[in-house]
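Colleague: here is the input, now give the coordinates:
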Amino acid sequence: MFKTVLFPIDQSREAREAADIVANIVQKYNSRLILLSVIEEPTAEAPTTSPMVSPEIVAQLLENARNLFSEQGITAELLERQGKPAFTICDVADEFEASLIIMGCRGLGLTEEGSTDSVTTRVINLSPCPVLIVP
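Modeller: The predicted structure is shown next:
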């Protein structure tokens, strides 16, 4: 049913909490798991002090996530991209023909429109596949 699961991650508590759901679905459906982290381009909304603009921090975040899933017997592919998170997540989902995107209800970033239009909301509206939001 879910051949490929895309799990976009950042350093938020919600992303960490969604990992259990991701593991359950990937194991149940024997899905391919792609872990994605987006390096945000520095802007007025995401200054260079934001942790998601540092390639080193993003690389470590992905490696930690891979280890977490590996402990549960799940092989995860790591993918690091640069750009605006919502658009990048949807582009990757389309590129890899994801069957499902799983993400936390809130992440670290808000879009340039502000707090009423989060990355999660954008992904829901733009995604080429179903999106499971973990509260």
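
Colleague: got the buried residues for stretch 121-130?
Modeller: For stretch 121-130, burial by neighbour count (16 or more other Cβ atoms under 10 Å) applies to T121, R122, V123, I124, S127, C129. C-beta here means a position set from N, CA and C on the backbone, and glycine is covered the same way.

Colleague: helix/strand/coil for the last one?
Modeller: The three-state label given to C129 by DSSP: H, G, I helix; E, B strand; the rest coil is coil.

Colleague: just the first one next, same as before
Modeller: Going by three-state DSSP, the secondary structure assigned to T121 is helix.

Colleague: where along this structure do the strands fall?
Modeller: 4-8, 32-39, 76-82, 100-104, 110-111, 114-118, 131-134 (DSSP state E).

Colleague: pLDDT below threshold where in the chain?
Modeller: Across the chain, the ranges flagged by pLDDT under 70 are 42-53, 106-116.

Colleague: switch the cut-off to 80
Modeller: The model of the chain has pLDDT under 80 over residues 41-54, 106-117.

Colleague: in CSV, list the C-alpha atoms belonging to stretch 123-135.
Modeller: Only the C-alpha atoms of stretch 123-135 are listed here, as CSV (Å, rounded to 0.1, in the frame of the first residue of the first chain):
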residue,chain,number,x,y,z
VAL,A,123,2.8,20.5,2.2
ILE,A,124,-0.8,19.4,2.7
ASN,A,125,-1.9,21.7,0.0
LEU,A,126,0.8,21.0,-2.5
SER,A,127,1.7,17.3,-2.0
PRO,A,128,1.4,14.9,-4.9
CYS,A,129,0.5,12.1,-2.5
PRO,A,130,-1.3,11.6,0.9
VAL,A,131,0.2,13.3,3.9
LEU,A,132,-0.1,11.9,7.4
ILE,A,133,0.3,14.6,10.1
VAL,A,134,1.3,13.3,13.5
PRO,A,135,0.1,15.5,16.3
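
Colleague: this completes my enquiry, with thanks.
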